[in-house]
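Visitor: One predicted model, sequence on top.
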Amino acid sequence: YEHLLLFDVLMGGCIEYRNGDKRTVRALSNDHYCSAASSYPMTSGAHYAEFEIIAGLPYIGITRPMPGLETGGARSIFPF
């Protein structure tokens, strides 16, 4: 049984939900930094991600949970 990850934290001024769906995001520009994150921990089972690259050469990274991210705590780490 699959539960799709929801991105509840968007950082940067050039990112938005695709068609209002919190499971998918898109960058509005390829010359700015932006990030999508989730405050929901993945606790068990196999995890994977799918990326649809339409244009450009994005830098994609996966990270472990960062406490305080949903409350704006990442602003001092990622000032974009």
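Guide: All right, it came through fine.
Visitor: so who does the most centrally placed residue in the chain touch?
Guide: Centroid check for the chain by Cα atoms, centre = their mean gives A36 as the closest residue, at 1.9 Å. Residues counted as contacts of A36 (Cβ atoms under 8 Å, 6 or more residues apart in numbering) are 7, 9-11, 15, 25. For the C-beta atoms, the positions are set from N, CA and C on the backbone; glycine is no exception.
Visitor: Looking at the residues you listed, which are in strands?
Guide: Among the contacts of A36, the members falling in strands (DSSP state E) are 9-11, 15, 25.
Visitor: neighbour-wise, which of those leads?
Guide: I15 (20 neighbours; other Cβ atoms under 10 Å).
Visitor: ok, now how distant is that residue from L5?
Guide: Computed with Cβ to Cβ, to the nearest Å, the distance linking I15 and L5 is 16 Å.
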